[in-house]
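Turn this into a structure:
(2 chains)
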Amino acid sequence: MAREIPHPPSRSPDAPFLSFQRVSRWYGQVIGLNDVSCDVGPGLTALLGPNGAGKSTFIKLATGQIRPTTGRALVLGESPFANARVLSRLGYCPEIDNFYEDMTGREFVTQLASMSGFAGAELKRRVESSIERVGMTDRCDRKLGGYSKGMRQRIKVAQAILHDPQVLVLDEPLNGLDPVGRRDMTDLMSALAREGRCVLVSSHILYEVEQLTDSILLMQRGRLLARGSVRDIRDLMDRDTHTPRHIVLRGVDHPRPLAADLLTVPSVTGVRFFPEDPGRLEVETRDPRAFFGALAEVVLAGDYAVESMESPDDHLESILRNLLARK
Amino acid sequence: MMTDLLLMRTALRESLRPRRLLIATLLTLLPAGIGLTWRLLAGGKDFDPGDVYDSLVVGLVFSFSLTILSVVYGTGVVAQELEQRTIVYLLTRPLPRWRILLAKFLVSLAVVAAVAVLSALLLALAVFGPSGFTQAEVGQDLRALLVGALAYGSVFLLVGAALPRPLTWGLLLVFGWETWVPKLPGSFTRLSVMTYLRVLAAREVAPDAETAAAQAGDNILLAFARPPDLEISSQSALMILLTVSAVALLASLLVFSNRQYVPREDAE
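Just a heads-up that it's a prediction; the model follows:
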């Protein structure tokens, strides 16, 4: 028997799921978000910007962790701060990698399901279903302290989706995932968005976002720099084929055969080994989009293990500087 | 109800993590260890179990074990979630914040009360021995310890919910305010929780204030054991401590329900 869940906010069909109205947020003398206004509707929207752009502040406001200093941040038409009606319809996957390490994945999700108002058979069903949806059924009875980064990400997503939220906010959900995990996660996010939910995903990696959605909110220095299509940014980046970009693969079980396979991919211009860190490979490419598209296939075809992938993507910073200069 | 129990289970697990368990164990055993050593060294000569018990229970159990545990566990209710950064999971759920805090507080209160009571009982056993244990009049002490755990726990819960660096503030309160305010002249002593606890656990440690002061010069523990020279009845002390607990607890719940718990370094 489930505990009574607060009545959902009465959002009109045309109203945005998430609405920021001239929102600013200060931390003492430091401004985290500066006069941001935007509406976010159903589907998948990416919040893109380099580190320090204000993405985390935006997300903390959207998930009711903090209040705006000025302006109004509304989710489903209401302020989300300590608002049970909104929070019962909001799912949040934080960026932090912190847990109650002594709990198992199932216990963790169960506790948060219970805090969402579920009990008894319904709680059990929700827990099982969300764990299954993130592909953790066979590993959810192990302690969280022993989980890999990818497993921790999956469990965070499981707790975010268990209550079937209308608005789902995912903060850097692809961080630390291996290529297969990334593909699973992007498939899941796309499926959730197709179900009519509002899915907001933050990232500082343009190529990552590009594979997810064409709808972006571009942030820089606490301001909303642009919103809409990713095409403009792509155009800027595609024009710059002189700058090689580097992608780091970690925890590779067979680096040399994988390097050989990767060098057959046309977009790869070089691979570097690190004798002091044998499981690490650094791939150089002038076309990251094509590379990301090919990587998962190469890894699957060769049955390689790759623990995680990082793309520092400093290039985004320079593109954003150009955009800012043109404004 | 199940939600509260699950929250309590998690809080209990966190309370029994090795570092905290070590502190709790040490504070449980310390007074009994000192009492036993004292008894063995004295070898029966000039050893008055009643006096030794009174000195150690007030000087160590009340003034040290109870207060230190209350600071660690009381401030830790919120601080530990912030430190571990797990608070985000709790505050983004549609559960009233006060329920989260109350469930966690009840666990911390139970742990502190259990350790303090066990500490006093073990001390009595060590000092009086198994045969003389029944002579020990620990009933009043146990009641005072339970009320003390509630009062200190509520106060330090408020410190943890409202202030940054709560452990530092808590230790300042214990070793500054609670240690020195009772020694100030006039009615300042009425501003200390320990004053009322001493009234609740009152016993004739010294027949009068002069003797007490003289003994205090020889034995620092007796300085803490000296009952306050105030006209406060046991019933008034109990009422005041319960009022302090209720006010601090309600204030904590209110603060926790409205405060924004995001570490500044989290902000970009």
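
Can you get me a residue count around the closest residue to A:Val248 other than its chain neighbours?
Nearest non-adjacent residue to A:Val248, counting by CB to CB, 6 or more residues apart in numbering or on different chains: A:Glu310, 4.6 Å away. Where C-beta positions appear, they are placed from N, C-alpha and C, glycine not excepted. Residues lying near A:Glu310 (other CB atoms under 10 Å in any protein chain shown) number 14.

residues in contact with the one helix or strand B:Glu178 maps to?
According to DSSP states H and E, B:Glu178 maps onto helix B:178-180. With CB atoms under 8 Å, 6 or more residues apart in numbering or on different chains as the contact definition, helix B:178-180 has outside contacts at B:Ser63, B:Thr67, B:Ser192, B:Val193, B:Met194.

Adding pLDDT, secondary structure and neighbour count, write these out as JSON lines.
Supplementary listing: the contacts of helix B:178-180 in JSON lines, determined by pLDDT from 0 to 100; DSSP: H, G, I helix; E, B strand; the rest coil; neighbours: other CB atoms under 10 Å in any protein chain shown:
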{"residue": "B:Ser63", "pLDDT": "88", "secondary structure": "helix", "neighbour count": "22"}
{"residue": "B:Thr67", "pLDDT": "93", "secondary structure": "helix", "neighbour count": "27"}
{"residue": "B:Ser192", "pLDDT": "90", "secondary structure": "coil", "neighbour count": "20"}
{"residue": "B:Val193", "pLDDT": "92", "secondary structure": "helix", "neighbour count": "26"}
{"residue": "B:Met194", "pLDDT": "89", "secondary structure": "helix", "neighbour count": "24"}
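
got those as JSON lines, with distance to chain A columns?
Output for the contacts of helix B:178-180, formatted as JSON lines (distance: CB to the nearest CB, whole Å):
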{"residue": "B:Ser63", "distance to chain A": "33"}
{"residue": "B:Thr67", "distance to chain A": "28"}
{"residue": "B:Ser192", "distance to chain A": "34"}
{"residue": "B:Val193", "distance to chain A": "31"}
{"residue": "B:Met194", "distance to chain A": "35"}
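
what's the closest of those to A:Gln211?
For the contacts of helix B:178-180, the minimum distance to A:Gln211 (CB to CB) is 57.1 Å, reached by B:Thr67.

is it true that the closest one touches B:Tyr152?
Yes - in this structure, B:Thr67 is within contact of B:Tyr152 by CB atoms under 8 Å, at 6.2 Å.

what touches both of these two?
Contact with both B:Thr67 and B:Tyr152 is made by no residue, according to CB under 8 Å, 6+ apart.

and the nearest residue to B:Val244 once chain neighbours are set aside, what does it touch?
Nearest non-adjacent residue to B:Val244, counting by CB to CB, 6+ apart: B:Ala151, 5.3 Å away. Going by CB under 8 Å, 6+ apart, B:Ala151 touches B:Val193, B:Tyr196, B:Leu197, B:Leu241, B:Leu242, B:Val244, B:Ser245, B:Ala248.

In the helix or strand hosting B:Ala151, which residues are buried?
In the assignment (DSSP H and E), B:Ala151 maps to helix B:139-162. Across helix B:139-162, burial judged by 16 or more other CB atoms under 10 Å in any protein chain shown covers B:141-142, B:144-162.

just to revisit the earlier point, give me the pLDDT value at the residue nearest to A:Val248.
In this model, A:Glu310 is scored at 75, pLDDT.

Nearest residue to B:Leu125 in space, please, no chain neighbours.
Spatially, and ignoring its direct neighbours in sequence, B:Leu125 is nearest to B:Phe133 (5.4 Å; CB to CB, 6+ apart).

got it, and B:Leu145?
B:Ala116 (4.4 Å).

Would you double-check that that neighbour falls in a helix?
Yes - applying DSSP: H, G, I helix; E, B strand; the rest coil, one finds B:Ala116 inside a helix.

My read is that A:Phe81 contacts A:Pro68, right?
No - counting by CB under 8 Å, A:Pro68 is not a contact partner of A:Phe81; they are 9.2 Å apart.

Dump the contacts of B:Ala151 to a markdown table, plus secondary structure and distance to A:Val248.
Formatted as a markdown table, the contacts of B:Ala151 follow (DSSP: H, G, I helix; E, B strand; the rest coil; distance: CB to CB, whole Å):
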| residue | secondary structure | distance to A:Val248 |
| --- | --- | --- |
| B:Val193 | helix | 56 |
| B:Tyr196 | helix | 62 |
| B:Leu197 | helix | 60 |
| B:Leu241 | helix | 60 |
| B:Leu242 | helix | 60 |
| B:Val244 | helix | 57 |
| B:Ser245 | helix | 55 |
| B:Ala248 | helix | 51 |
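
A:Ala260: neighbouring residues, count only.
Here the count is done by other CB under 10 Å, and A:Ala260 has 12 residues near it.

So for it, what's the pLDDT?
Looking at A:Ala260, the pLDDT reads 92.

Flag the shaky bits of the stretch 101-250 of chain A, pLDDT-wise.
For the stretch 101-250 of chain A, the stretches flagged by pLDDT under 70 are A:230-243.

same thing but 90
Along the stretch 101-250 of chain A, segments meeting pLDDT under 90 span A:101-102, A:119, A:148-150, A:172-186, A:203-216, A:218-221, A:225-248, A:250.

Could you check the one helix or strand B:Gly35 maps to and say which residues are buried?
Per DSSP H and E, B:Gly35 falls inside helix B:18-42. Judged by neighbour count (16+ other CB under 10 Å), helix B:18-42 contains these buried residues: B:20, B:23-24, B:27-32, B:34-36, B:38-39.

closest point of the stretch 151-300 of chain A to chain B, which residue?
Nearest residue of the stretch 151-300 of chain A to chain B (CB to the nearest CB) works out as A:Gln159 at 7.1 Å.

Helix, strand, or coil at the residue nearest to that residue when sequence neighbours are not counted?
Closest residue to A:Gln159 apart from its sequence neighbours, by CB to CB, 6+ apart: A:Leu112 at 4.5 Å. Following three-state DSSP, the label given to A:Leu112 is helix.

So A:Leu112 is in contact with A:Ala158, correct?
No - checked against CB under 8 Å, the pair A:Leu112 and A:Ala158 is beyond contact range at 9.0 Å.

Between these two, tell me which one has more neighbours.
The neighbour comparison of A:Leu112 against A:Ala158 (other CB under 10 Å) goes to A:Ala158, with 27 against 24.

Which residues are in contact with that one?
With CB under 8 Å, 6+ apart, A:Ala158 has these contacts: A:Gly105, A:Val109, A:Ser130, A:Ile131, A:Arg133, A:Val134, A:Met136.

Which of the three states applies to the third one?
In other words, A:Ser130. Assigned with three-state DSSP, A:Ser130 falls in the helix class.

repeat for A:Ile31
With three-state DSSP as the basis, the three-state label of A:Ile31 is strand.

With A:Asp187 instead?
Taking three-state DSSP, the label given to A:Asp187 is helix.

Would you list the phi and psi of the nearest residue to A:Lys156 once chain neighbours are set aside?
Distances taken as CB to CB, 6+ apart place A:Cys93 nearest to A:Lys156, at 4.7 Å, with adjacent residues excluded. For A:Cys93, the backbone dihedrals (degrees, to the nearest 10) come out as phi -110, psi 100.

A:Cys93 pairs with what?
Going by DSSP bridges, A:Cys93 is paired in beta bridges with A:Leu170.

Repeat that for A:Arg250.
Note on A:Arg250: beta-bridge partners by DSSP bridges are A:Ser308.

I'd like to know how many residues surround it.
Other residues near A:Arg250 come to 18 when the count uses other CB under 10 Å.

What is the neighbour count of the nearest residue to B:Ile87 once chain neighbours are set aside?
Nearest non-adjacent residue to B:Ile87, counting by CB to CB, 6+ apart: B:Glu81, 3.9 Å away. Neighbourhood size, B:Glu81 [other CB under 10 Å]: 24.

Ok, A:Pro266 next?
A:Pro266 has 11 nearby residues by other CB under 10 Å.

Could you look up the SS state of the residue nearest to it when sequence neighbours are not counted?
Of all residues not flanking A:Pro266 in the chain, A:Ala290 sits nearest, at 7.2 Å (CB to CB, 6+ apart). Classification of A:Ala290 by three-state DSSP places it in helix.

Appreciated, that's everything.
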